[in-house]
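1. Sequence and predicted structure, then a few things I'm wondering about:
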Amino acid sequence: MLCLGVGETGLEQSMLLIVDLEATCWEMQRAPNGDSQSIHNMEIIEVGCAVATRKGNLLNARSFLVRPTRNPVLSDFCMELTGITQSMVDAAPTLPETIEAMNAWLGDLPDDFIWCSWGNYDRLHLEAQSLLDGAQPAILARPHLNLKRIWRRTTGQKRKNGFANALAFHGLDFEGHHHRGVDDARNMARVLPYMDWSLEPELLTPPEVPV
């Protein structure tokens, strides 16, 4: 069960969830069958979560590992990139089971709850694989905010808008293992205080699933 920080009020108290996915990937961006890698053949191997306030107060964080089933053997490239090993995913549950655990960890979501990611890839991949595998993430019934988009609108940065560039823009060093979902999500919470949150309502993507 998640809890809010003591003494916070209003928008500062309202929590949001940052999600960063890691997925199976291959050198030269080619799946084992030769097809170009995409959300249709890459499988989620980690759902990294960070719960924070819009002021950047980190309330909770967790890594949910996932066992891929269509291409269950991770490439050396993928393991080196993410730091996630074959034994880690072999011991992990499948996506539907992982999502059940994630839903239980989040508990009852408040009415004003939103979830976020850097760009739209994570939302689109989670939607696509959840549909394919029969998983039911509770967050898909809630609005999504593209953090890259609100950061670009806030700072006026048009080109160098990758997350590493965003950290550098604010003089911040990455903490942890880059391309490890939970660490990426934690670091994204660190840039939340720099966002112009008055832009949020116009930038939200409504949920595909009715609330």
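-> Sure, I can see it. Numbering: from 1, shown residues only.
2. Please count neighbours and contacts with C-alpha atoms only from this point.
-> Noted.
3. can you pull the contacts of the nearest residue to Pro206 once chain neighbours are set aside?
-> Closest residue to Pro206 apart from its sequence neighbours, by C-alpha to C-alpha, 6 or more residues apart in numbering: Pro143 at 4.6 Å. Counting by C-alpha atoms under 8 Å, 6 or more residues apart in numbering, Pro143 makes contact with 113-115, 204-207.
4. hmm, 6 Å instead?
-> With contact taken as C-alpha atoms under 6 Å, 6 or more residues apart in numbering, Pro143 is in contact with 114, 205-207.
5. ditto for Ala61
-> 49-50.
6. Use 43 as the first number for this chain going forward.
-> Got it, first residue is 43 now, which makes that one Ala103.
7. Where does it sit: helix, strand or coil?
-> strand (DSSP: H, G, I helix; E, B strand; the rest coil).
8. what do you get for Val93?
-> strand.
9. circling back: let's have the contacts of Pro185 in CSV, adding neighbour count, secondary structure and distance to Ala170.
-> As requested, the contacts of Pro185 are exported to CSV (neighbours: other C-alpha atoms under 10 Å; DSSP: H, G, I helix; E, B strand; the rest coil; distance: C-alpha to C-alpha, whole Å):
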residue, neighbour count, secondary structure, distance to Ala170
Ile156, 23, strand, 19
Thr247, 16, strand, 16
Pro248, 15, coil, 16
Pro249, 14, coil, 14
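10. out of these, who's nearest Arg112?
-> Pro249 (27.4 Å; C-alpha to C-alpha).
11. Can you verify my assumption that the closest one contacts Ile181?
-> No: taking contacts as C-alpha atoms under 6 Å, Pro249 lies outside contact range of Ile181: 8.6 Å.
12. Low-confidence regions, the chain specifically.
-> 43-55, 251-253 (pLDDT under 70).
13. cutoff 90 now
-> 43-56, 200-203, 250-253 (pLDDT under 90).
14. So which residues of it form strands?
-> 57-65, 86-95, 100-107, 156-159, 186-188, 246-247 (DSSP state E).
15. Now find how far off-centre the last one is within its chain.
-> This points to strand 246-247. Chain-centre distance of strand 246-247: 15 Å, with C-alpha atoms, centre = their mean, to the nearest Å.
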